[in-house]
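Build me a model:
(2 chains)
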Amino acid sequence: MLKVTDIYKSFDEFMAVGGADLTVGEGELVAVIGPNGAGKTTLFNIITGQLKPNKGSVVFLDEDITNLPPYEICKKGIARSFQIANIFPRLSVFANIQVAVISQQGGSKRLFRPAQGIAVEETNAILESVGLLDKAGNTAGSLSHGDQRILEIAIALGNDPKLLILDEPTAGMSPEETNATMDLIRRLAESRGLTILFCEHDMDVVFGAAQSIMVMHQGRTLIQGKPQQVRENEEVMNAYLGEE
Amino acid sequence: MLSGRAASHKIAKQFYRERALLMRMMNGRSYWVLGAIFIVLLILPPVIPRFYTYIMALMFVTGLLAMSLNMVVGHGGMFQFHHAAFYGVGAYVFGLILKKTSLPFWMAFGAGPIAAAVCGLLIGSFCVRLTRLYFGMLQISLGSLLWAIVFRWYDFTGGGDGIYGIPMPSALSSAKSSYYFILIVVAISLAVIYLIFKSPFGATLLAIRDNPARCEAIGINVRRHQVAGIVIATFFAGVAGVLFVVLERSVFPDLLFWVLSLEIFIMCLLGGWFTFLGPLLGAAITVALRTFVGIYTEYWTLILGVILILLIFFLPEGVMGYVMEKFGSQRYESGDRG
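Prediction:
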């Protein structure tokens, strides 16, 4: 479904990503792991168009999307959440998701129709599936950190994506919240038939959830494979032991 | 599992029904208030002195100008630093056509806002390539370029003297009739601005204000929406410019000067730029201050300055924002609270 080949990206002298490869199959739950600074977020930003790579290609559904702007990539069916809560703080929780649904339906250019009644069903369905329905009227900026992270994912769902990319969905969460969020992600993947690509540095979370794991170290892909293969890989062990 | 889902569906439905009812009631109330104000404004001119009729018409014109600016500043989050340039373009195009050609009034009336919107499209397309402060700086320089053209092109625009004695149709000859004309055009414009504000486009603009990067990630072409917002806003700035000429029968380069742009920016802050009607109120306050404090001292801007400082400390959301919070239904009249 998604094939990332030999990506290079440097900021001035610093090589953030140098030789990353990634394959995501339809319906899979794929994790990217690696220590801080391994280039996970940069790689995601390249896939979704926020950054342009110096070299390499991103192919989604047999189409080269390497140098498209973010809003076009989104229209192809890739939605994402961000590592820091990246929401619309002054809008209501409801409007946060509604605006994504409106954008998905191509209605954001409409000038003379009240927005109030548009996309209400879809938005409510998403609110319900992530459990934020009772907070629909709250201002998004007033939500707790955990809820903002959930909202972050919910906004991405508003685009009705084929592939959902989550950048450290459980960052800054308590263990209970982390478990609840991972449950939510698994449930969403099942009920919506989503393919999910996420990154994480909590090993327990990753090995518990992912079907395929890609390990990054210093901007480079060490290996991609099943959890068992990754666990037994010597290079991975060295990279992680070297850290500690 | 299924029954739980059905139950939460029910709760949600109830929640939205109640909310919709509440919104209708509030909207109903505010429509009554607006209707009452409009009627008062209709019957005022015969009973108040002519000077006040003039001042009120000026408040409407300035108010529309501030409202149009707020579409991009308060709702769009763009640093539209030279909005007056478009106001001036609208006024000049309208004035020049009436003065130098024999084209009918309504054509000139349409040409002003359209010319302003075209300038908005041209300048806006450049500006949205930059972000934040750089957007504002580029706009000041491009807008000042327009000012310089008007100021220097003496043969055509009358240079620093401007153009006086612009002929008006006889229906608009008296102060009272031009008051009514301005009132109605402003009311229609505000209604249209309100519709746009409440539309999916308006909702998208609010989202872009809050978080442009995220908007790109949910499939919104941010620049294109920003340009569209600028074009609409500059169109209404042009309408305000035309109405200014209807009121004053003259144009002068100060209409495009950056000082005026700053002033309308202040009006938005003063009235409350996260509210819908705040800028209108801010404009009314500013015009009133200039007129009535201006009688006693030419340093009326000093008073404005002091008020502004107090405002920043005590009412950071503006006068309207304060009123909404204290007495009102919603803090943001926008309904963007879901």
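
drop to CA atoms for contacts and neighbour counts, all remaining ones
Noted.

quick one: contacts for the residue in chain A that chain B sits nearest to?
Of all residues in chain A, A:Tyr71 sits closest to chain B, at 3.8 Å by Cα to the nearest Cα. By Cα atoms under 8 Å, 6 or more residues apart in numbering or on different chains, the contact list for A:Tyr71 reads B:Cys215, B:Glu216, B:Ala217, B:Ile218, B:Gly219, B:Ile220, B:Asn221.

and B:Phe81, which of the three is it?
Secondary structure assignment for B:Phe81 (DSSP: H, G, I helix; E, B strand; the rest coil): coil.

before we move on, the earlier item: can you check the pLDDT for the residue of chain A closest to chain B?
We have a pLDDT of 93 for A:Tyr71.

Give me the nearest residue to it, chain neighbours excluded.
Of all residues not flanking A:Tyr71 in the chain, B:Gly219 sits nearest, at 3.8 Å (Cα to Cα, 6 or more residues apart in numbering or on different chains).

swap in B:Gly74?
Closest to B:Gly74 by Cα to Cα, 6+ apart is B:Trp273, at 4.8 Å.

Return the set of buried residues in the helix or strand harbouring B:Gly110.
If you go by DSSP states H and E, B:Gly110 is part of helix B:105-127. By neighbour count on 16 or more other Cα atoms under 10 Å in any protein chain shown, the buried set for helix B:105-127 is B:108-121, B:123-125, B:127.

Where does the stretch 101-250 of chain B get nearest to chain A, residue-wise?
The minimum distance from the stretch 101-250 of chain B to chain A, using Cα to the nearest Cα, falls at B:Gly219 (3.8 Å).

In this model A:Pro70 seems to touch that residue, though I could be wrong.
Yes. Using Cα atoms under 8 Å, B:Gly219 makes contact with A:Pro70 at a distance of 7.0 Å.

Three-state assignment for the residue most central in space within chain B, please.
Chain B has B:Met67 as the residue nearest its centroid, 2.0 Å off, counting by Cα atoms, centre = their mean. Counting by three-state DSSP, the backbone at B:Met67 sits in helix.

I'd say it and B:Leu280 touch.
Yes. Between B:Met67 and B:Leu280 there is a contact under Cα under 8 Å: 6.1 Å.

Distance check, the residue of chain A closest to chain B against A:Gln83.
From A:Tyr71 across to A:Gln83, the span is 19 Å (Cα to Cα, to the nearest Å).

ok, now A:Pro227?
Distance of A:Pro227 to A:Gln83, computed by Cα to Cα: 23 Å.

Ok, B:Ile149 next?
The gap separating B:Ile149 from A:Gln83 is 49 Å, by Cα to Cα.

of the two, who's got more company?
Set side by side, B:Ile149 and A:Gln83 show more neighbours around A:Gln83, with 18 against 13, by other Cα atoms under 10 Å in any protein chain shown.

Which parts of chain A are helices?
With helices called from DSSP state H, chain A shows them at A:40-47, A:70-76, A:93-104, A:120-130, A:145-157, A:175-192, A:203-209, A:227-232, A:234-243.

Only C-alpha atoms, please: export the second one in PDB.
Yep, that's helix A:70-76 we're talking about. Output of helix A:70-76 as PDB, limited to C-alpha atoms (Å, rounded to 0.1, in the frame of the first residue of the first chain):
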ATOM      1  CA  PRO A  70       0.400  18.000   2.300                       C
ATOM      2  CA  TYR A  71      -3.200  18.900   1.300                       C
ATOM      3  CA  GLU A  72      -2.900  16.800  -1.900                       C
ATOM      4  CA  ILE A  73      -1.400  13.800  -0.100                       C
ATOM      5  CA  CYS A  74      -4.300  14.100   2.400                       C
ATOM      6  CA  LYS A  75      -6.700  13.900  -0.500                       C
ATOM      7  CA  LYS A  76      -5.100  10.700  -1.700                       C
END
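
how far is that helix from where the chain is centred?
Here helix A:70-76 is found 14 Å from its chain centre; the criterion is Cα atoms, centre = their mean, to the nearest Å.

helices or strands up against the worst-scoring helix or strand of chain A on mean pLDDT?
Sorting the helices and strands of chain A by mean pLDDT, DSSP states H and E puts helix A:234-243 at the bottom, at a mean of 71. In terms of contacts (3 or more Cα pairs under 8 Å, 6 or more residues apart in numbering or on different chains; DSSP states H and E), helix A:234-243 is packed against strand A:220-225.

State the paired neighbours of the strand it packs on in the sheet, together with their directions.
strand A:212-217 (antiparallel) (DSSP bridges).

And the contacts of the partner strand?
A:20, A:22, A:28-35, A:38-40, A:206, A:221-227, A:230, A:236, A:239.

For those, which ChimeraX command selects only the ones that are buried?
Per 16+ other Cα under 10 Å, the buried members of the contacts of strand A:212-217 correspond to this ChimeraX selection:
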select /A:20,22,28,29,30,31,32,33,34,35,38,39,40,206,221,222,223,224,225,227,230,236,239
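
got any residues that touch both of B:Met67 and B:Leu280?
Joint contacts of B:Met67 and B:Leu280 (Cα under 8 Å, 6+ apart) are B:Cys268.

residue ranges for the helices of the stretch 51-200 of chain B, please.
In the stretch 51-200 of chain B, the helices defined using DSSP state H, counting those that start in this stretch lie at B:84-100, B:105-127, B:132-152, B:154-157, B:175-198, B:200-210.

Walk me through the domains of chain A.
Following automatic domain parsing, one finds the domains of chain A at A:1-77+A:161-244, A:87-158.

so who does B:Ile230 touch?
By Cα under 8 Å, 6+ apart, the neighbours of B:Ile230 are B:Val72, B:Gly120, B:Leu121, B:Gly124.

The first one against B:His82, yeah?
No. The pair B:Val72 / B:His82 is not scored as a contact, 11.6 Å apart, by Cα under 8 Å.

Lowest mean pLDDT across the helices of the stretch 51-200 of chain B, which one is that?
helix B:154-157 (a mean of 86).

contacts for that one?
Residues outside helix B:154-157 that contact it (Cα under 8 Å, 6+ apart): B:Tyr92, B:Leu96, B:Val150, B:Phe151, B:Gly160, B:Ile163.

Same list, these, but as a markdown table with distance to chain A and neighbour count please.
Output for these, formatted as a markdown table (distance: Cα to the nearest Cα, whole Å; neighbours: other Cα atoms under 10 Å in any protein chain shown):
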| residue | distance to chain A | neighbour count |
| --- | --- | --- |
| B:Tyr92 | 28 | 29 |
| B:Leu96 | 31 | 18 |
| B:Val150 | 33 | 23 |
| B:Phe151 | 36 | 21 |
| B:Gly160 | 39 | 15 |
| B:Ile163 | 36 | 19 |
